[in-house]
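Engineer: got a structure for you, letters missing:
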């Protein structure tokens, strides 16, 4: 991942009502790196809150194209919607209602790399640097053979990186709560498609109170450990109940550094406060 832009933030003032997009995204045109803060959404030379000589912060972008349109996007919401996070930004693209199929993911990723511009669903644009990678998140589902073909045909220098979950993204969410897939044995004899649907439908039954996708990121360290311990491959693809999502999660936590601990502590304080009101 490369530096998206270097933003001088010493005197920037954030409020809960101020969306991070105002600072980190362009609503129309791609943003190019110039070594200075870009005049985005009113933060230009005259209206900005920064001054020369103030500390410089590297904000990094993770580019994600997703075969899922709901849970995958919700998972990254703590990063995407938190104006207190200044080290990282998620640029996310899927298709509303049904997600993107593997051939659509591949085609879009190649287009974005060739144009050096990543465009989100709501038409926000990001400049793609020469050493940026695009992460393509996809379930095995019924697409296993198709994905395997793309991976085999892919050039070793490709900047497209497939992140595959077998049978579905929900196995990644599962590892936020459990360290072993033993309780998932009922779906082993099912077809790939039925197995994926079964896990998606039964995840909330397996987890007391149901899975909370928008809060799962806060326990991503647990999921990374469980996922890596259970990871295996067959013919170059994740084996059943294996996911490569720990790769993206580890990159995100590495970029965030101490910010991850800070937002976790803040969330725990909020939870404790609301519990005290009951």
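Structural biologist: That came in fine, so what should we check first? Just so we're clear, the structure is a prediction, and the values are computed from it rather than from any experiment. Numbers count the residues shown, from 1 in each chain.
Engineer: who's in contact with residue 142?
Structural biologist: By C-beta atoms under 8 Å, 6 or more residues apart in numbering, the contact set of residue 142 is 191, 192, 193, 196. All C-beta spots, glycine's among them, are computed from the backbone N, C-alpha and C.
Engineer: Try it again at 6 Å.
Structural biologist: By C-beta atoms under 6 Å, 6 or more residues apart in numbering, residue 142 lies in contact with 192, 193.
Engineer: Surely it forms part of a helix?
Structural biologist: No. Counting by DSSP: H, G, I helix; E, B strand; the rest coil, one finds residue 142 to be coil, located in no helix.
Engineer: And it, how far from residue 61?
Structural biologist: According to C-beta to C-beta, to the nearest Å, residue 142 stands 31 Å off from residue 61.
Engineer: Same check on residue 258?
Structural biologist: 20 Å.
Engineer: more crowded one of the two?
Structural biologist: residue 61 (24 against 8; other C-beta atoms under 10 Å).
Engineer: buried set for the strand or helix carrying the more buried one?
Structural biologist: Secondary structure assignment for residue 61, by DSSP states H and E: strand 56-66. By neighbour count on 16 or more other C-beta atoms under 10 Å, the buried set for strand 56-66 is 59, 60, 61, 62, 63, 64, 65, 66.
Engineer: which residue is nearest the middle of the chain?
Structural biologist: By C-alpha atoms, centre = their mean, the chain has its centre lying nearest to residue 76, at 5.0 Å.
Engineer: picking up where we left off before, what strands line up against the strand holding residue 61, and which way round?
Structural biologist: strand 3-8 (antiparallel), strand 88-93 (parallel), strand 134-139 (parallel) (DSSP bridges).
Engineer: Pretty sure residue 112 sits against residue 125.
Structural biologist: No. Counting by C-beta atoms under 6 Å, residue 112 sits too far from residue 125 to count as a contact (9.9 Å).
Engineer: out of the two, which sits in the more crowded spot?
Structural biologist: The neighbour comparison of residue 112 against residue 125 (other C-beta under 10 Å) goes to residue 112, with 23 against 19.
Engineer: nearest spatial neighbour of that one, skipping sequence neighbours?
Structural biologist: Leaving aside its sequence neighbours, residue 112 sits nearest to residue 118 (C-beta to C-beta, 6 or more residues apart in numbering; 4.9 Å).
Engineer: model confidence over the host helix or strand of the one you found, on average?
Structural biologist: Per DSSP H and E: residue 118 is located in strand 117-119. Strand 117-119 shows a mean pLDDT of 97.
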